[in-house]
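K.L.:
Quick one, structure for this:
(2 chains)
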Amino acid sequence: MPKTPLAFTLNDAETGIFVDDGQNLLEALRRGAGDLSPKYGCGQGTCGACTVLIDGVPHLSCLTLAEAVAGRRMDTTAGLAEGAELHPLQRAFMEGFAAQCGYCTPGMLMAAKALLAANPRPSREEVIEAISGNLCRCTGYEPIVTAILEAAAKLQGRAA
Amino acid sequence: MTEVRSFSTSAEAAGAEGAILGGGTLLMRQVNEAPQTVPRLIRITDPALREIRAEGDGHLIGAGVTMAQVIAHPDLAALAPVARSIGGPALRNMASVGGNLFAPHPYGDFTVALLALEAQVLWSDGRREEIERFLSARDTARGVVTGIWVPRIAPGALRYRKVSRTRPKGVSVMSIAAYLPNGGSAPRIAFGAMGPTPLRAKAAESALQGRGLTEESVTAAGAVCLQGLSPADDALASAWYRSEVAPVHLRRCLMGET
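P.N.:
Numbering: from 1, shown residues only, chains lettered A, B, ... in the order given. Sure, this is the predicted structure:
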């Protein structure tokens, strides 16, 4: 089957890959671009483990046609840290034991990143709403919500 | 994938074997699970499909408008709670109004509200079709839906309730929309996940006709609300359970109870 060239920006890097007809963005990122941070959970849009930001907006990469992101900007968890310096969200997750098995974590982080970009001081309810499309089967929601609020406070402190 | 820039040429591009890709939340599932069952994907990038604009005493909403766009639009505030009940935030950035029209059971909550509103479905050949008629034939319909028209909704005139088993998000056991224009003299009620498509509960509407929302009228509506519905068993609920709880949830929807 013929492959289609596809160019986009992935975490600040200009990226070019070839995709199959009908291939989803999650596969394109993992197999094509070698970014293993978004996870394959359900393939149905139920779990949120594959959440990435397209032009800053959360999308489910498993339900996004890869060819539809030509020329657009992707952000994934692989681009959160700056060198050895973890992003405040990652640090808050680590320090608050908000990752148990860790499979949902990249999706949670991207949902949280989009939330804090739009709403730097969210309430607990707003955090719960923001991650309502991300399932954690270790049932660890409380530390995740707390970690996102901690990171918001840290980022606010940094901005002040 | 075939990309077309104007919906006026999409019908030819689709031919007999094309499937229009909207937000992808239903069609890409099928691509992931059983790609051999999916015909050629047609992606329409016409910006007209992403527009919301006033027309007559209401609004035209393009088929490609997402649930997130509905939530953000000040003129569609009455529909925001409906759009917000669908999926999580990421899914709402993708899922489209046009796709929702074709969503199989138990999905399609937005269309339940559109049915209560007696929205019109716009086709690329210029036809406008009453949504109830559209739904009755949608599985064999051919063509491209470009948008819907909804009437202007007075504050408080649209009541909506989605019943699911998990919080904060879950798939519908049922969803109910009640549109009460002109003070509720001629109510319209639609149920979702109570049949193969969203369905009107016309006997319940008749029971409320001209009576307002009183204890007696709402009880009378609940007693007949299953007429015309055909709930099915699925993993979320049995047909029996759905039938038993429908009058309770209709009451809560109409009376604004939680």
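K.L.:
can we go C-alpha only for contacts and neighbour counts from here?
P.N.:
Noted.
K.L.:
Would you mind listing what in chain A touches chain B?
P.N.:
Neighbours of chain B within chain A, by Cα under 8 Å from any Cα of the partner chain: A:21-22, A:24, A:43-45, A:48, A:51, A:57-60, A:62-65, A:111, A:129-134.
K.L.:
So which of these are in strands?
P.N.:
A:Thr51, A:Val57, A:Pro58, A:His59, A:Leu60 (DSSP state E).
K.L.:
any idea which of the residues you listed is closest to A:Ala99?
P.N.:
A:Thr51 (16.2 Å; Cα to Cα).
K.L.:
quick one: the closest one and A:Leu60 touch, right?
P.N.:
Yes: between A:Thr51 and A:Leu60 there is a contact at 4.7 Å, judged by Cα atoms under 8 Å.
K.L.:
what is in contact with the two at once?
P.N.:
B:Ala90 (Cα atoms under 8 Å, 6 or more residues apart in numbering or on different chains).
K.L.:
Please name the residues that touch residue 127.
P.N.:
Picked chain A for this. A:Ala112, A:Leu115, A:Val145, A:Ile148, A:Leu149.
K.L.:
oops, chain B please
P.N.:
Contacts of B:Arg127 (Cα under 8 Å, 6+ apart): none.
K.L.:
now it: how far from chain A?
P.N.:
29 Å (Cα to the nearest Cα, to the nearest Å).
K.L.:
what's the burial count for the residue nearest to A:Met1 when sequence neighbours are not counted?
P.N.:
Nearest non-adjacent residue to A:Met1, counting by Cα to Cα, 6 or more residues apart in numbering or on different chains: A:Asp20, 7.4 Å away. Under the neighbour criterion other Cα atoms under 10 Å in any protein chain shown, A:Asp20 is assigned a count of 16.
K.L.:
circling back to that earlier point, tabulate the ones in strands among the residues of chain A next to chain B (JSON lines), appending pLDDT and neighbour count.
P.N.:
Shown next, in JSON lines, are these (pLDDT from 0 to 100; neighbours: other Cα atoms under 10 Å in any protein chain shown):
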{"residue": "A:Thr51", "pLDDT": "98", "neighbour count": "34"}
{"residue": "A:Val57", "pLDDT": "98", "neighbour count": "22"}
{"residue": "A:Pro58", "pLDDT": "98", "neighbour count": "27"}
{"residue": "A:His59", "pLDDT": "98", "neighbour count": "27"}
{"residue": "A:Leu60", "pLDDT": "98", "neighbour count": "32"}
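K.L.:
Apart from its neighbours in sequence, what residue is nearest B:Lys162?
P.N.:
Nearest non-adjacent residue to B:Lys162 (Cα to Cα, 6+ apart): B:Ser175, at 4.2 Å.
K.L.:
looking at it, the one you found is touching B:Val163, isn't it?
P.N.:
Yes: using Cα under 8 Å, B:Ser175 is in contact with B:Val163, at 5.9 Å.
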